[in-house]
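> Pasting a predicted model and its sequence here:
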Amino acid sequence: LVRSVNGGEIPEEESTGAWQEQVTSGRFAGQTVIVTGAASGIGRATASRIVREGGKVVAVDISEEKLEEFAKEAPEGSVIAVAADVTKQEDIDRVVSAAGERIDGLANIAGINDDFSPIHETSDEIWDRVIGINLTGVFKLTRAVVPAMLAAGKGSIVNITSEAGIRGNASGNAYTVSKHGVVGLTRSAAFMYAKQGIRVNAVAPGGVATGIPFPPNVSEVGSARLHPFQSAIPTLATAEQLAASITFLLSNDGVNINGAILPSDGGWSVQ
Ligand code: NAD
């Protein structure tokens, strides 16, 4: 038997045959997936898509009210809502125990982008808050779910970086650093756990129409680069379009993809 990267076993003599593909309609049927930032925007669209495809979602967000509103509309038993701050270990412990023994996937989507000050005007408070939520939160959630995935011999983690995680001129400083950090964490974890059947990938959105603010003006963040609004490529995506990219990597459709940073930006990053 050949062990595939997601922990499945394929008879060696058949491992290159196209007929061994398992095609199922609900890509998340029987699975439990933790989604952070699930109360709005990309996280909410991703959580709904997973539920529509047969999965159970542990929906995590700091905004309790919006989270309850989302969970209320979900089909019975499909969503476990856990109001939690991804920077707090005690909250993360509650998330993991709500998921139970089986954790098939983790989508680290919670994030903020509300500061565009230059480095010499960035306070410790701003730095710690942005890095804490966007990067340390991703590390803490990853650390918390890996033991269950190691025990199962499989698992899939998708992190959300950004165009600002690849380039230095797409957003504010602390945000840019946090999203570059997510790229490093993704690659490091992908390499570290590949043999144990855990895949770790990241999606890098360009501009997405959600509640999160955009840099007020490219010149204010020192960018000579075109902002997506001014670009030749119509890249303001919907949250649902991002959910399509995220669930592709999260599901078994992404079986052979590990450590990838997938731009989901309509082509903006090729400019
Ligand atoms: P959003 O503001 O609609 O959603 C972010 C969610 O994260 C919110 O529901 C918020 O309550 C939650 N959150 C914030 N701090 C939290 C914390 N400490 N603990 C738990 N939850 C917390 O924004 P979005 O556009 O859907 O953003 C989702 C992700 O996509 C973010 O990581 C963001 O950086 C990334 N992203 C967005 C864009 C874009 O253009 N919208 C572009 C690139 C990357």
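Yep, that arrived. Treat the numbers as computed from the prediction; the structure is a model and nothing was measured.
> Next one, pLDDT for the residue nearest the centre of the chain please.
Centroid-nearest residue in the chain, with CA atoms, centre = their mean: residue 159, separated by 3.1 Å. Model confidence at residue 159, given as pLDDT, is 99.
> Now do the strands in the protein.
2-3, 9-10, 32-36, 56-61, 79-83, 105-108, 155-160, 198-205, 207-208, 236-237, 261-264 (DSSP state E).
> Run a quick neighbour tally on residue 197.
The tally of other residues near residue 197 (other CB atoms under 10 Å) stands at 19. Every C-beta, even on glycine, is put in place using the N, C-alpha and C of the backbone.
> where's it relative to the ligand, distance?
Residue 197 sits 26 Å away from the ligand, going by CB to the nearest ligand atom, to the nearest Å.
> thought that residue was touching residue 153?
Yes. Counting by CB atoms under 8 Å, residue 153 is a contact partner of residue 197 at 4.7 Å.
> wait, isn't residue 103 in contact with residue 145?
Yes. Counting by CB under 8 Å, residue 145 is a contact partner of residue 103 at 5.0 Å.
> list residues touching both of the two?
34, 96, 155 (CB atoms under 8 Å, 6 or more residues apart in numbering).
> By neighbour count, which of those residues wins?
Neighbour counts for these peak at residue 34, which has 27 neighbours (criterion: other CB under 10 Å).
> can you pull the pLDDT of it?
Predicted confidence (pLDDT) for residue 34: 99.
> thinking again about what came up before, save the strands of the chain as CSV, and put in distance to residue 134 too.
Shown next, in CSV, are the strands of the chain (distance: least, CB to CB, whole Å):
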stretch, distance to residue 134
strand 2-3, 34
strand 9-10, 37
strand 32-36, 11
strand 56-61, 15
strand 79-83, 19
strand 105-108, 9
strand 155-160, 9
strand 198-205, 12
strand 207-208, 15
strand 236-237, 19
strand 261-264, 15
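> And those strands: which comes nearest residue 178?
Distance to residue 178, taken as CB to CB, is lowest for strand 155-160 among the strands of the chain, at 10.9 Å.
> Tell me what angle the longest helix along the chain forms with strand 155-160.
Secondary structure of the chain per DSSP state H: the longest helix is helix 173-193. Between helix 173-193 and strand 155-160, the angle comes out at 160 degrees (axes from the mean of the first three to the mean of the last three CA atoms, to 10 degrees).
> Quick check: buried residues in helix 173-193?
173-183, 185-187, 189-190, 193 (16 or more other CB atoms under 10 Å).
> Can you pull the residues of the stretch 151-271 of the chain lying near the ligand?
Residues of the stretch 151-271 of the chain that fall close to the ligand, judged by CB under 6 Å from any ligand atom: 160, 162, 205, 207-208, 210-212.
> just to revisit the earlier point, just the CA trace of the longest helix of the chain, in PDB.
The C-alpha atoms that make up helix 173-193 are tabulated as PDB, following Å, rounded to 0.1, in the frame of the first residue of the first chain:
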ATOM      1  CA  ASN A 173       3.200  47.500   7.900                       C
ATOM      2  CA  ALA A 174       2.000  45.300  10.800                       C
ATOM      3  CA  TYR A 175      -0.600  43.600   8.500                       C
ATOM      4  CA  THR A 176       2.100  43.000   5.800                       C
ATOM      5  CA  VAL A 177       4.400  41.400   8.400                       C
ATOM      6  CA  SER A 178       1.700  39.300   9.900                       C
ATOM      7  CA  LYS A 179       0.600  37.900   6.500                       C
ATOM      8  CA  HIS A 180       4.200  37.200   5.500                       C
ATOM      9  CA  GLY A 181       4.400  35.300   8.800                       C
ATOM     10  CA  VAL A 182       1.400  33.300   7.800                       C
ATOM     11  CA  VAL A 183       3.200  32.300   4.600                       C
ATOM     12  CA  GLY A 184       6.200  31.100   6.700                       C
ATOM     13  CA  LEU A 185       4.100  29.200   9.100                       C
ATOM     14  CA  THR A 186       2.200  27.500   6.300                       C
ATOM     15  CA  ARG A 187       5.400  26.400   4.600                       C
ATOM     16  CA  SER A 188       7.000  25.300   7.800                       C
ATOM     17  CA  ALA A 189       4.000  23.300   9.000                       C
ATOM     18  CA  ALA A 190       3.500  21.700   5.500                       C
ATOM     19  CA  PHE A 191       7.000  20.400   5.500                       C
ATOM     20  CA  MET A 192       6.900  19.400   9.200                       C
ATOM     21  CA  TYR A 193       3.800  17.200   9.000                       C
END
